[in-house]
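Q: have a look at this prediction, sequence included:
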Number of protein chains: 2
Amino acid sequence: MRNSITINDISRETSVSNTTVSRVLNGFSRKYRISDETAQHVMEVAKKLNYRPNRTAVSLRKKVSNLIGLVVPDLSNSFFTNVANIITNELKKNGYSVILTDCGDDENTEIEVVNLLNDRRIDGLLVMPCGKQSEHLEDLYGQGVPVICVDRYFESSPLSFVATNNYSGAYEITKYLIGSHHKHIACIQGLEHVMPNLQRVKGYMDAMKDAGLEEEICVVGNDFSQENGYLETKRLLQRSQRPTAIFGLSNTIILGSLKALEEEGLSVPQDMSLVTFDNAEYLNFLNPPLTSIAQPNAEIAQMSIKMLLGMIRNKELLAAQRPEQILLNPTVIHRKSVKILKD
Amino acid sequence: MRNSITINDISRETSVSNTTVSRVLNGFSRKYRISDETAQHVMEVAKKLNYRPNRTAVSLRKKVSNLIGLVVPDLSNSFFTNVANIITNELKKNGYSVILTDCGDDENTEIEVVNLLNDRRIDGLLVMPCGKQSEHLEDLYGQGVPVICVDRYFESSPLSFVATNNYSGAYEITKYLIGSHHKHIACIQGLEHVMPNLQRVKGYMDAMKDAGLEEEICVVGNDFSQENGYLETKRLLQRSQRPTAIFGLSNTIILGSLKALEEEGLSVPQDMSLVTFDNAEYLNFLNPPLTSIAQPNAEIAQMSIKMLLGMIRNKELLAAQRPEQILLNPTVIHRKSVKILKD
DNA sequence: TATGTTTGCACAAACGATTGTGCTAAAACG
DNA sequence: CGTTTTAGCACAATCGTTTGTGCAAACATA
C-alpha cells in the first residue's frame, strides 16, 4: 500500500500543528498570522519531504473534486473523440481532470455512468445524451451539479446546451444538391430520436419541400454506425428508382456507404453523389474528396466549457437562471463528391 | 452545495449505528451477526432514501480509488484514441473509471500529469510515455502503484510493457517494397527517441541492408505530426534522386505526405508508392487505398489491462516480479498504394 | 501596574465512509 | 440458579485534509 507523506509528517518534523502546516501550504500565512520564520520552515520541510497533498482527502473535506465527467455516445466516432479531446485539454488548463466515459449509445449505460460519476462527486458534467430521457441529468442538475449538454440536447428542459445548428447545415447542403440538379436524394440517418439527427432530417426535408421535391423525400437508417451506412446504401442501390445522391448524417455512416458503393463497382461522383455531416482531415484524401458539413468542434468544446465553468463559479445562480441554448453554425466544405447533373 | 444522503441519515432513520448500516450495505450482515430484521430495514431505508455511497470517502478510508490513469501522447492520432477507447471500455467492465490525459507528446507535461494522477491516488497507471525519462514512472511504481507501458516503452527498466513488434512490421513491409523492385525508399519517422520509432527505423534499415541497399537508406523527419509528413515529403520531392516509395511511420505522417503529393500533382502509386504504419477504416477508401501495417490495437489494450489488473490484485508480487515484456505481431494489409516496378 | 490589543499558533470538529474491538442482554448449559 | 456462550449491535479511531474558534504570551496603552 502506498504510504505517502502527509501533512502530519511535516507537522511532526517542524513541531507545529497540522493546522499551521495546512495554512502555510495553502498560502494563508498572512491571513492567519503565521510568522515568516515558521512559514519558511514549513515550506522547506514540505519541499524536502516532497510533499504532495492527497486530493482525495481534499475533495472529501472541501466538497470539491476538480473532476469533470464527460459522457460521450461512442468513442469510435471521430467527431466525438475530437470534441472530447479539445474539452479534455481545455479543462486541464483550468485545473480539472476529466473522467471520460463512452456509453455505447445506450441509454441505460448512460444512466449508470452518470450515477457513478455523481458518486465520485464530479464538479460538473458534460454530456452528449444518447436517449430520450433527461430525468437522470435533470436530477443531477437539481442536486446542484452543473450539467451542460453538448452536441445533443433536449427540447424543453432546464438543461443548457451547446450544439451545432444542424438544421441549417442540412438545409444548406440539401439545397446545394438540389441546385446541382439532383432530385432523387436519399438521406441515411443516425439514431432517430436524438436532436442532431432530428434537426438534420428536418433540414433535409424542408429543403426538399421548399424545392417542390416533397415526393422524393427518402429517409432511411437508424443509427450512426458504419454498418448502418453500408446496409442502407446496399438497399438504396436495389431500388428501381435509385437515388442520384446520398446524404449521410455522419462520417461513420458515409464510410459505410463508400464501402457499399465500392463493392457494387460504382464510383463517386460519376455514378453517385455523396455528402456527409462531420469533417475530418482524411476526407480530403478520399476518392474522391468528400463534400461535407463541418461542425465547429473547437467552438462547441470551448463554449461548453465556458458555460460549465461559469456555472461552477456561480452555483447560486444555477437554479435561478434560464437555460442557455447555443447553436453554432456549421460550414459546408465543398470538395469533389457531387456531380452536377444536366437539367 | 450538493447535500447527498449519507450513511448517517440512514443510521438516524433506522436508529441503528452507522457501523451497522455500513456492514449491512456492504454485505457483511452475516459476518457481524446483524439480524435479518435489522438488515432488511436498513436496506429498505437505504433504497427509500436513494442512498449512494460517497466514493471519495470510501477511497480515502480504503485507500483504493477504483481509478486508473491513462496517459496518451496525442489524442488527435487515431491509433491512440482507438487504443484508449478499448482500454476505457474494458476497464469500465471491471469497475474502474479512467482519467484520460493527453500530454501533447511533451515530457514535462507527462511528468506533471502523472503527479496529478498520483495525487488522486489512482490504483494503476497505463502510460504511453513520450520521453526518454522513465524515472517519474519508476518512482510511482516504486511507491507500489502498478504501472504498465503501452505501445511505447523503455529498454532496460523494471516497468512491464505491451507493444507491437514494430521491428518485424517495418522489416516486413520494407522487404515487400524491395520485392516490388523499389530501391529508393525513404522513411519518414516520428519522434526519434521513442521505442516504436526506433524499432521501426531499425526494421526498415535492416531490411535495406539485408537487400544490399545500405547506400539507399534515407530516414527523415522528427515527429508524428501531419505537418512533419507534409514538409518532409515536400523536401524529398525536391531531391535530385527522388525516392520511388515512401514509408510513413504513422497514419498522421502519411496524411501529410498525401497532401504534399497532391499539391505537387503526383499520384499514388503511379508516381510514388506509399506505405504506412497504423491502420484505420478510412485507409480503405483513400485514393488509392493505402497498404499499411495494422497494429493489434485490441490485443494491446486487452493485454495491458490484464497485466495491470493482475498487478493490482497481487500487489505483494509487484516488486518481486521481473517485468513482463510483451510484443504483439502486426499484420501487413495489402491495398493498392504500391507500384510494382520493372526490374 | 492594570488593561486592552495584537501576535502566533493549537485544539478539535468536521467531510463520509470503514473497521477493530467491546459491551449488554439473551440464550444455553450444567 | 450461576456461569458460559452467543447474538446483536455500538463506540470510537481512522483515512488526510480544512477551518472556526480559542487561548496564551507579547506588546502597547493609559
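A: It's in. Quick caveat: nothing in here was measured; it's all calculated off a predicted structure.

Q: torsion angles phi and psi at the nearest residue to A:Tyr282 once chain neighbours are set aside?
A: Excluding its sequence neighbours, the residue lying closest to A:Tyr282 (Cβ to Cβ, 6 or more residues apart in numbering or on different chains) is B:Tyr282, at 4.7 Å. Just so you know, the C-beta spots here come from the backbone N, C-alpha and C atoms, and that holds for glycine as well. For B:Tyr282, the backbone dihedrals (degrees, to the nearest 10) come out as phi -70, psi -20.

Q: who's in contact with B:Tyr282?
A: A:255, A:280, A:282, A:286 (Cβ atoms under 8 Å, 6 or more residues apart in numbering or on different chains).

Q: average pLDDT across the strand or helix carrying the first one?
A: Meaning A:Leu255. Assigned by DSSP states H and E, A:Leu255 belongs to helix A:251-263. Throughout helix A:251-263, pLDDT has a mean value of 94.

Q: give the buried residues for that helix.
A: A:251-261 (16 or more other Cβ atoms under 10 Å in any protein chain shown).

Q: wait, what's in contact with the residue in chain A positioned nearest to chain B?
A: Residue nearest to chain B within chain A: A:Asn287 (3.2 Å; Cβ to the nearest Cβ). A:Asn287 is in contact with A:268, B:285-288, counting by Cβ under 8 Å, 6+ apart.

Q: gap between the residue lying closest to A:Ser134 once chain neighbours are set aside and A:Tyr141?
A: What sits nearest to A:Ser134 in space, not counting adjacent residues and going by Cβ to Cβ, 6+ apart, is A:Phe154, at 4.6 Å. As judged by Cβ to Cβ, to the nearest Å, A:Phe154 and A:Tyr141 stand 12 Å apart.

Q: between these two, who's got more neighbours?
A: A:Tyr141 (22 against 19; other Cβ atoms under 10 Å in any protein chain shown).

Q: what's around A:Gly212, how many residues?
A: 10.

Q: three-state assignment of it?
A: Using DSSP: H, G, I helix; E, B strand; the rest coil, the three-state assignment for A:Gly212 comes out as coil.

Q: could you chop chain A up by domain?
A: Chain A breaks down into these domains under automatic domain parsing: A:7-53, A:66-164+A:297-329, A:166-295.

Q: avg pLDDT for the second one?
A: To tie it back to what came earlier, the one meant is domain A:66-164+A:297-329. Per-residue pLDDT values over domain A:66-164+A:297-329 give a mean of 93.

Q: for the first one, same thing?
A: Averaging pLDDT along domain A:7-53 yields 96.

Q: quick one: distance of that domain to the chain centre.
A: With Cα atoms, centre = their mean, to the nearest Å as the basis, domain A:7-53 stands 42 Å off its chain's centre.

Q: what does the second one give?
A: Its chain's C-alpha centre and that of domain A:66-164+A:297-329 lie 8 Å apart, by Cα atoms, centre = their mean.

Q: near DNA strand C at all, that domain?
A: No: using Cβ under 7 Å from any atom of the strand, domain A:66-164+A:297-329 stays clear of DNA strand C, with a minimum separation of 8.4 Å.

Q: just the endpoints, please. Distance across that domain?
A: Taking Cα to Cα, to the nearest Å, domain A:66-164+A:297-329 runs 31 Å from one end to the other.

Q: with the last one instead?
A: Terminal residues of domain A:166-295 are spaced 9 Å apart (Cα to Cα).

Q: ok, back up a step: and the contacts of B:Tyr282 as CSV, adding distance to A:Leu60?
A: Below are the contacts of B:Tyr282 laid out as CSV (distance: Cβ to Cβ, whole Å):
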residue, distance to A:Leu60
A:Leu255, 46
A:Ala280, 42
A:Tyr282, 46
A:Leu286, 51
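
Q: what about A:Pro129, how many residues nearby?
A: 28.

Q: if you count contacts, what does the helix holding A:Leu255 end up packed against?
A: Helices and strands touching helix A:251-263, by 3 or more Cβ pairs under 8 Å, 6 or more residues apart in numbering or on different chains; DSSP states H and E, are helix A:226-238, strand A:245-248, strand A:273-277.

Q: list the buried residues in the first one.
A: Translated: helix A:226-238. Here helix A:226-238 shows A:226, A:228-234, A:236-237 as buried, counting by 16+ other Cβ under 10 Å.

Q: which other residues reach that helix?
A: Contact with helix A:226-238 is made by A:186, A:188, A:190, A:218, A:220-222, A:242-243, A:246, A:248, A:252-257, A:259-261, A:263-264, A:266, B:281, as judged by Cβ under 8 Å, 6+ apart.

Q: contact partners for A:Val145?
A: By Cβ under 8 Å, 6+ apart, the residues touching A:Val145 are A:118, A:122-125, B:2.

Q: filter those down to the ones in strands?
A: Members of the contacts of A:Val145 lying in strands (criterion: DSSP state E): A:124-125.

Q: around chain B, pick out the residues from the stretch 151-300 of chain A.
A: Residues of the stretch 151-300 of chain A that fall close to chain B, judged by Cβ under 8 Å from any Cβ of the partner chain: A:226, A:255, A:258-259, A:262, A:280-282, A:284-288.

Q: name the nearest of these relative to B:Val24.
A: Using Cβ to Cβ, A:Gln226 comes nearest to B:Val24 of those, at 47.8 Å.

Q: how far away is the closest residue to that closest one other than its chain neighbours from B:His181?
A: Setting aside the residues directly before and after it, A:Gln226 is nearest to A:Gly256 in space (Cβ to Cβ, 6+ apart), at 4.0 Å. Distance, A:Gly256 to B:His181, using Cβ to Cβ: 37 Å.

Q: what of A:Gly190?
A: Counting by Cβ to Cβ, the gap from A:Gly190 to B:His181 is 46 Å.

Q: quick one: the strands in the stretch 1-150 of chain A?
A: Using DSSP state E, counting those that start in this stretch, the strands assigned to the stretch 1-150 of chain A run over residues A:67-72, A:97-102, A:124-127, A:147-150.

Q: the last one vs chain B: in contact?
A: No: under the criterion of Cβ under 8 Å from any Cβ, chain B is not reached by strand A:147-150; the shortest gap measures 12.3 Å.

Q: heading C-terminal from that strand, find the next helix or strand.
A: For strand A:147-150, the following helix or strand on the C-terminal side (DSSP H and E) is strand A:160-164.

Q: mind listing what that following strand pairs with, with the direction of each?
A: strand A:147-150 (parallel), strand A:325-328 (parallel) (DSSP bridges).

Q: ok, and what's touching the last one?
A: The one in question is strand A:325-328. Contacts for strand A:325-328 (Cβ under 8 Å, 6+ apart): A:153, A:160-165, A:295-296, A:299-300, A:303, A:307.
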